[in-house]
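Participant: what's the 3D shape of this:
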Amino acid sequence: MRVLLLICFLIVSSHVYCQERVTPAAAPKDASGKPAKDAPKATIDMYRIVMLERDTVYVDTSLTIQDEYKHNYLRKDIFGLLPFANEGQTYQTLDFGLKKHDPFPGFGHRAKQFPYLEARDIRYYSMATPFTDLYYKSVMQRGQNVDAFVSANISPQLNFSIAYKGLRSDGKYINSVSSTGNFRFTTSYHTKDNRYSANFHFVSYDFLNDENGGVANIEDFESGSSQYKNRLRLNVFSRDAESFLKGKRLFLDHDFRINGNDAQNNLHITHQFNYENKFFQYKQGTLTTVLDDNTTIQRYGASFRPANINDQTHYNRMYNKVAVVYENKTLGKFKFFAEDFRYNYYFDRVLLLDEGINTGLLSDEIQTIGGEYEFRTQHWMAHGLISQSMGDQSLSHIQGNLRYTFNDKNVVSFQYERMNKIPDNIYNLNQSSYIAYNWTNDFNNEKINTISIDANTQWLTASVKVSSFKDMLYFADTAADDTVILAPQQHSGSINYLSVKVGRDLKLWKFGLDNTVLYQQVDQESDIVNVPKFVTRNTLYFQDYYFKKALFIQTGVTFNYFTKYYANDYNPVIGEFYVQNQKEIGDFPMFDFFLDMKIRTARIYFKCEHFNSAWTGNNFLTAPNYPYRDFMIRIGMEWNFFK
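Facilitator: Okay, here's the model as predicted:
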């Protein structure tokens, strides 16, 4: 009933215009106050979205199969990621090649940061008229997921945008509530002669999750017994634990051209500033779990406190990058830069342990110098970067990109990256009320080499990635019983990783078959990087126009599958995944039925997720103790307004 009401409301709405019908941009008005007949119209190329690296795309209100893939909590194609049972929880990484690395030391707690937007993920805008994007999707139960965005230009040179993303979902299992609040503000400015330009953003976010630690006896779930069809009957390891990640960031990137007029040869001064703080908290009231046989277990081992754990981790960093750029319109841009990176990673106490004193503080200042080169023509784009630290810290980064654009539909690119990365702080220092979760280390830098080739053509998309890792850091379970005692480990040997991903969208008449297949292979002495050998997504769909092309419908079935493997398990105490080799997951089909509709600039999504769950067995897991999602019906929409 709600779906029908929503569709009727959209059909009768008449004040929203699509890409082909955009309202006048500051159009002159006649004596009656209405736009003059000869008033200029804003075209879609006047609604620009600009990345940090100055690449530009345009607002798109069309409905394609890619929009179906992006209608989710992260609002991007999540092929290679497997979501946990509740919206707003973490994701199992099936495609190891999706992991990104930064040479500077990070905060850690990476399992909690999938929805976190880095500075490179923020977009800036230039809009001919005010633009609004509204996103909605229903959740598992008792809640909603909403993302509202507004952008407008105060003048042709000055734009601002404001956005807020909110989520509340209770989930199907005991103690699995998710709650998210994410505020984003951006502004971009340039002078009329483009001598000075600036991009600024502020983000504030918080991610709150109830953490049940997984199903205590996963065999109860896998049995398929009708006793456990109500998932609230499944016993979990914790009924009152929660994790909380919050943070803020101020970011400014600006450029000043020293010579007054834009010429064949230009000299620029650029500056990038990034100040960020993060806070992670793990709380747990009751530490013991009563199992089905009435025995008790303390899942994460012995604790300094008998109850009411409240672990807190603080982090702040300040980053400055100053550069001098020589630009020659024929030869390209030559940039020479210096970076200053300062951070504090700390806890609120000092611990006297048998292993020594845990001061609860890591703090450092890292300076680097380097150079960049960029060259662009109609068909070629080349970019190279090299940087090296100047102090006691050993840090280096080499990166090269080469791209050739045959036309709008055919692009081939090559990338090489070599990185000497300082370990994330969580590997070198941690404090917790759980005794075994306290450590101080001094690990070696991780060495990462990657070569990737990508081809996006009118016939298919393909990518090949080859990576090698030395001194890789990871978490492992060191306990020999049912408890989970994690410790950071470093593998001194080499790990080689290969992935090949191919995609093809086949179309015949009004039907389409979109296919994406990933193959992965790892060469290693120990089972540290565990990945499924094959991951596939295949969508058979039908699309057509109705009601004199006022309504566009796209409907079909999506099949997702990955082969069995020893997937990493999730640990809520530190918000990280860890290596395990006791239980394999995978080898289960996931079918989704969808019906998507487009009316002007409104896109409506109706989806039956995992509709085969009742008749293909209860072996669907996201991690060894965490079930995947059951069948559910979800609705959503995305609506664009051009004023």
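
Participant: any weak-confidence spans in the protein?
Facilitator: The chain contains residues with pLDDT under 70 at 1-40.

Participant: if we go to 90?
Facilitator: Scanning the chain for pLDDT under 90 picks out 1-45, 52-56, 141, 291-294, 348-358, 391-394, 408, 480-482, 643.

Participant: count the residues that sit near the residue lying closest to Met597 once chain neighbours are set aside.
Facilitator: When the adjacent residues along the chain are set aside, Met597 lies closest to Ile604, with 4.5 Å between them (CB to CB, 6 or more residues apart in numbering). Any C-beta I mention is one placed from the backbone N, CA and C, and that applies to glycine too. The burial metric for Ile604, expressed as a neighbour count using other CB atoms under 10 Å, is 21.

Participant: with Phe547 instead?
Facilitator: Residue neighbour count, defined by other CB under 10 Å, stands at 9 for Phe547.

Participant: any idea how far it lies from Arg600?
Facilitator: Computed with CB to CB, to the nearest Å, the distance linking Phe547 and Arg600 is 12 Å.

Participant: what does Val535 give?
Facilitator: The span separating Val535 from Arg600 equals 36 Å under the rule CB to CB.

Participant: who's in contact with Met140?
Facilitator: For Met140, the contacting residues are 85-87, 169-172, 629, 632, by CB atoms under 8 Å, 6 or more residues apart in numbering.

Participant: and with 6 Å instead?
Facilitator: By CB atoms under 6 Å, 6 or more residues apart in numbering, the contact set of Met140 is 86, 169, 171-172.

Participant: adding secondary structure, write those out as JSON lines.
Facilitator: Formatted as JSON lines, the entries for the contacts of Met140 read as follows, by DSSP: H, G, I helix; E, B strand; the rest coil:
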{"residue": "Asn86", "secondary structure": "coil"}
{"residue": "Ser169", "secondary structure": "strand"}
{"residue": "Gly171", "secondary structure": "coil"}
{"residue": "Lys172", "secondary structure": "coil"}
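
Participant: farthest-apart pair in the residues you listed, please.
Facilitator: Ser169 and Lys172 (9.7 Å; CB to CB).

Participant: ok, those two, which is more surrounded?
Facilitator: Using other CB under 10 Å, the more surrounded residue of Ser169 and Lys172 is Ser169, with 23 against 18.

Participant: the more buried one against Gln144, yeah?
Facilitator: No: applying CB atoms under 6 Å as the test, Ser169 and Gln144 come out as separate, 8.0 Å apart.

Participant: mind listing what Ile218 touches?
Facilitator: Going by CB under 6 Å, 6+ apart, the list of residues near Ile218 reads Asn625.

Participant: quick check on it: phi, psi?
Facilitator: Taking degrees, to the nearest 10, you get phi -60, psi -20 for the backbone angles of Ile218.

Participant: distance of it from Thr56?
Facilitator: For Ile218, the distance to Thr56 - CB to CB - is 49 Å.

Participant: check Lys329 too.
Facilitator: Using CB to CB, one obtains 19 Å as the distance from Lys329 to Thr56.

Participant: likewise for Gly247?
Facilitator: The gap separating Gly247 from Thr56 is 29 Å, by CB to CB.

Participant: show me where the protein has its helices.
Facilitator: Along the chain, the segments classed as helices by DSSP state H run 2-12, 65-70, 218-222, 425-428.

Participant: can you pull out the strands in the stretch 1-150 of the chain?
Facilitator: Remark: strands of the stretch 1-150 of the chain, listed N- to C-terminal, are 47-50, 56-58, 81-83, 91-93, 124-127, 131-137, 144-155; assignment by DSSP state E, counting those that start in this stretch.

Participant: residues contacting the closest residue to Phe131 other than its chain neighbours?
Facilitator: The shortest distance from Phe131 to any residue other than its chain neighbours is 5.0 Å, reached at Ser151 (CB to CB, 6+ apart). Going by CB under 6 Å, 6+ apart, Ser151 touches 125, 127, 131, 161.

Participant: out of the residues you listed, which is nearest to His314?
Facilitator: Ser161 (29.6 Å).

Participant: how many residues are close by the closest one?
Facilitator: Other residues near Ser161 come to 22 when the count uses other CB under 10 Å.

Participant: also Ala480?
Facilitator: 7.

Participant: how about Leu429?
Facilitator: Burial of Leu429, expressed as a neighbour count using other CB under 10 Å, amounts to 22.

Participant: wait, what's in contact with it?
Facilitator: Counting by CB under 6 Å, 6+ apart, Leu429 makes contact with 362, 440.

Participant: ok, 7 Å please
Facilitator: When the contact criterion is CB atoms under 7 Å, 6 or more residues apart in numbering, the partners of Leu429 are 345, 362, 440.

Participant: residues in a beta bridge with it, which ones?
Facilitator: On the basis of DSSP bridges, Leu429 is bridged to Thr440.
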